[in-house]
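1. Sequence first, then the predicted structure:
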Amino acid sequence: MTGQPLSRRQALALLGLGTASVAAGTVGWAASAGLPTDRTRLRPESGAALRQPQVLAGRDGLLDVTLTAAAGARLAGRDTSAWGFNGTSPGPTLRVRPGDLLRVRLANRIDQPTNLHTHGLHVSPAGNGDNPFVTVDPGGSFDYAIAIPADHPAGTFWYHPHHHGTVADQIFAGLAGALLVDGGPDVDLPVTDDLVLLVTDTTLDGTGRVVPPVPMTRMMGREGELLLVNGQHQPVITSAQGAVQRWRVINGCTSRVLALRLVGHRLTQIALDGAYLPAPVDRDRVLLAPGNRTDLLVRPAGRGSYPLRAEPYDRGGQSMMGGMMGGGPASTGPATLATLAASGPSAPPAALPPTPPAPRPPPDPVVAGHRQITFAMGMDGMRGGGMGPGAMALTINGRTFDPDRDDQTVQLGTVEDWTVVNTSPMDHPFHLHAWPFYVLTGAGAARSGARQDVVLVPARGSVRLRIPFTDYAGRSVYHCHILDHEDLGMMATVNVRG
């Protein structure tokens, strides 16, 4: 079905065709969509105080909510036709505890099929659980019932749509929200503020409509011109001198890798992907692939203002595309996400609070199987996603996604090692639903020592993962978390059988 992996020469040849179609086609596309053709863009409101999304918390073992996906969310301080849950982007923050039942009625009031993924939760993928194969048609609804296990780790997770073919469009339009599991050792972490920072990006025209990507930008993975935190543009995070804040940073961007740096500070990282690290780590920079989350302890260095920046990161497109295409990887950073503003009387800095010990990984198990998963980009006849013959094929083990095919069959209760190989000239974040993994080998930043659910596989590189397929049988998916790539076919199924 697919051809050879993409070479630099082929990429440049594709660029020659693609940029010509972009140059010739953008005006026609914009006119046909009724959008401005002069690159008129929304002017954001910047510098407001950081707002926290509405919190919906469980009680007596139950969180029962309705999430309505609809147009009309306010972004960057402006009224827009972007999409949100319950009228806002991001949607409400859902707070549950281990052992809770999370019931969500998802009501679809947008013009595309949708569904819901509780990203990072170790829960059942079957039936009305965290099931990526559910389809909620426009005007319809679906009732999810997701049982949080009693031993589920406390941490930072998130929710977003996961209907194949429309995931990137819907998250780029604003559909995302934080999902926090409380309890456990978290209760002993004394901080002055516990803040959600859900980072998204989008592009809005002068009338507040979301600008869709051209085909070449989808192939590279779109990056929006507006980089937002909790739907705000460059908000201000206020703090007293000497105070310690917990920042729960979620990379909800469709494609952008966030290389985070707080000017004048080191960031104390205590968790990744909802799991505590074996020990806190002070970092000058924290790297988050799309879908990754991190928990940081931040103590102002003194009175003043300190930008939180997303630094430049080349995920493989700059050398190949040379910045010729707007909205592609070459457009990454630098950008100011937010500003930490410390004020108040001078006081000696408080000591960072002790962080809870991370659960120890299980002893070396009997590994029941070894598999190789290959991410590839080829130049052969992709017919899906509207790209047309002769365009890019985005594949896993040589095939594009088929929801009716079992790509991997695994025995429940076993542990397997998977080597994820990336033969392409771009980084690809690997994400597995329902069953978190440990990174055994790979890029240094990827080996956290804690369970993860997203890992960045470098261009022409590989990572080796250990995956305990425990607790839940059922079918789910693994995929590239550059969400345009997922929609274009870089996704596969796994069937865990009891």
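-> Arrived safely.
2. where do the helices sit along the stretch 251-400 of the chain?
-> Taking DSSP state H, counting those that start in this stretch as the criterion, the stretch 251-400 of the chain carries its helices at 318-321.
3. where in it is pLDDT low?
-> Applying pLDDT under 70 to the stretch 251-400 of the chain flags residues 317-333, 346-347, 349-350, 363, 380-391.
4. Secondary structure class of S239, three-state.
-> Under DSSP: H, G, I helix; E, B strand; the rest coil, the three-state class of S239 is strand.
5. Going forward, the N-terminal residue is numbered 834.
-> Got it, the first residue is 834 from now on, which makes the last one we talked about S1072.
6. these two touch, right, it and A1175?
-> Yes - using C-beta atoms under 8 Å, S1072 makes contact with A1175 at a distance of 5.0 Å. Bear in mind the C-beta positions are built from the backbone N, C-alpha and C, glycine included.
7. what sits in contact with each of those two?
-> Counting by C-beta atoms under 8 Å, 6 or more residues apart in numbering, the shared contacts of S1072 and A1175 are P1133.
8. Give me the domain ranges for this protein.
-> Split into domains by automatic domain parsing, the chain comes to 888-1019, 1026-1176, 1200-1330.
9. close enough to count as contact, I943 and G905?
-> No - judged on C-beta under 8 Å, I943 makes no contact with G905 at a distance of 10.5 Å.
10. residues of the longest strand anywhere in the chain that come out buried?
-> Criterion DSSP state E: the longest strand present in the chain is strand 895-908. By neighbour count on 16 or more other C-beta atoms under 10 Å, the buried set for strand 895-908 is L896, V898, L900, T901, A902, A904, G905, A906, R907, L908.
11. Also stretch 1125-1139?
-> N1125, R1126, T1127, D1128, L1129, L1130, V1131, R1132, P1133, A1134, Y1139.
12. The first one: what's it in contact with?
-> Contact analysis of N1125 by C-beta under 8 Å, 6+ apart lists N1084, L1105, D1106, P1262, V1287.
13. and what of the second one?
-> If you count contacts by C-beta under 8 Å, 6+ apart, R1126 has them with 953, 988-991, 1081-1084, 1104-1107.
14. Pull out the buried residues from those.
-> Using 16+ other C-beta under 10 Å as the burial test, the contacts of R1126 include 953, 988-991, 1081-1084, 1104-1107 as buried.
15. ok, which pair from those residues is furthest apart?
-> The largest separation in the buried ones among the contacts of R1126, counting by C-beta to C-beta, is between G988 and N1084 at 14.9 Å.
16. Give me the pLDDT value at H952.
-> On pLDDT, H952 comes in at 98.
17. Next, work out how far apart it and V1272 are.
-> Here the criterion is C-beta to C-beta, to the nearest Å. By it, H952 lies 18 Å from V1272.
18. quick one, which of those two is more surrounded?
-> Comparing H952 with V1272 by other C-beta atoms under 10 Å, the one with more neighbours is H952, at 24 against 21.
19. now the more buried one, which residues is it bridged with?
-> W991 (DSSP bridges).
20. The closest residue to Y1305 other than its chain neighbours: neighbour count?
-> Sequence neighbours aside, S957 is the residue nearest to Y1305 in space, at 4.6 Å (criterion: C-beta to C-beta, 6 or more residues apart in numbering). Residues lying near S957 (other C-beta under 10 Å) number 20.
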